[in-house]
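Novice: next come a sequence and a model predicted from it.
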Amino acid sequence: MDAKIEKLQQAVNESNYIVFFGGAGVSTESGIPDFRSQDGLYSQKYKYPPETIVSHSFFMYRTDEFYDFYRDKMIFADAEPNAAHKKLAELEKAGKLKAVITQNIDGLHQKAGSREVLELHGSTLRNYCMDCGKRYDGLDIITGTTGIPKCSCGGTVRPDVVLYEEGLDGDVIRRSVEHISKADMLIIGGTSLVVYPAAGFIDYFRGKHLVVINMSETSRDGAADIVIKGKIGEVLSQIRAE
Ligand code: NAD
Ligand code: ZN
C-alpha cells in the first residue's frame, strides 16, 4: 500500500493536467450511501429497485412515491465534504488538477472549494418548476415541504438531476470529454463504472497516468498503471498537493 501511495505521489508530481472522474464512493465517507456497496441502496429492501424509482417514468407516474424515497435516501442536508473532496480542491488550487467530473448529485465538491466541477447527473441543490421554469436553489424546497413540492404557480417542482431514461446535458458532456482528452493524469475513484454513458467518457483519456482508487474491482483496473483498493478519503489524504 505504501509503495502504491508513493507511486501515486510521483505521478501527481509529474502531472500538470490532472482530471478526477468519480462517483458515489467519493461521498460514502461523508455518510451518504452509494448504490452498489454492501450497505448501498441496492442492498436495502424497497418495493422497487432504486433505478426504477429514480427513473423518468416513475417520477412522472408515481411522483409521490418518488419524493418519499428521494427525501429519505438521497438527500443529506447535513453532509460535509470529506478528505477526498478537500484534497481534490487543494490540488486544483495548486494548479495541478483542472477538473472534477462527477456522477454525484450532492454538491460536496463545490462545498469543499472545487471550482471546475462537471456534474454529469445534475445536482440535488438545483430544482425547477416543470410548468413555469422558476428555479429553487438549495434544498429548502425539498426538505421544508412534504409530498410533492409545488411552485408558487402551482406547478410541480423537480430536481435538476438526470433520472434514468433521461439524457445528459450536452455542454457538460462536451466539457468533460475535452478535459479528459487533454489530461496527462486521470484518477478514477469511488465509482463502479457501470452507469453509462458517463463511464464511457474515460475512453477519451490519452495521457500518461491512469489511476483507479476504489474499494471494489472495476472494469478499468486492468488498463490502469496504479490501482489502489481502499477508501478514497484515506488514500488521497496521504497525497501532497505541492
Ligand atoms: P456505485 O454505487 O455504482 O459505485 C460506488 C463504488 O464506489 C463501488 O464500486 C464501491 O466499491 C466504491 N466505494 C464506496 N465507498 C468508497 C470509498 N470510501 N472509497 C473508494 N471507493 C468506494 O456509484 P456510481 O458508480 O457513482 O453510480 C451510481 C449512480 O448513483 C451515479 O450515477 C450517481 O448519480 C448516483 N448516486 C449519487 C450519490 C451522491 O451524489 N453522493 C449517491 C448515490 C448514488
Ligand atoms: Zn411554476
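Specialist: Sure, I can see it. Ligands and ions are numbered 1, 2, ... in the order given.

Novice: neighbouring strands - and their directions - for the lengthiest strand in the chain?
Specialist: What stands out as the longest strand in the chain, according to DSSP state E, is strand 122-129. Take DSSP bridges as the rule and strand 122-129 pairs in its sheet with strand 135-137 (antiparallel), strand 157-161 (antiparallel).

Novice: show me where this structure has strands.
Specialist: Ranges of strands within the chain are 18-22, 97-102, 117-119, 122-129, 135-137, 157-161, 185-189, 209-213, 226-228, based on DSSP E.

Novice: and the protein, which residues reach ligand 1?
Specialist: Residues of the chain found near ligand 1 (CB under 6 Å from any ligand atom) are 23-25, 27-29, 32, 34-37, 40, 103-106, 121, 190-192, 194-195, 214-216, 231-232. The way it works is simple: take the backbone N, C-alpha and C, and place the C-beta from them, glycine included.

Novice: picking up where we left off before, and of the strands paired with strand 122-129, who's closest to ligand 2?
Specialist: Minimum separation from ligand 2 across the strands paired with strand 122-129 (CB to the ion) falls at strand 157-161, 7.5 Å.

Novice: so for that closest one, what gets flagged as buried?
Specialist: The neighbour-count check on strand 157-161 (16 or more other CB atoms under 10 Å) flags 157-161 as buried.

Novice: same question, stretch 82-99
Specialist: Across stretch 82-99, burial judged by 16+ other CB under 10 Å covers 82-92, 96-99.

Novice: nearest to ligand 1, of these?
Specialist: Ligand 1 has its nearest neighbour among the buried residues of stretch 82-99 in residue 84, at 7.4 Å by CB to the nearest ligand atom.

Novice: no more questions from me, cheers.
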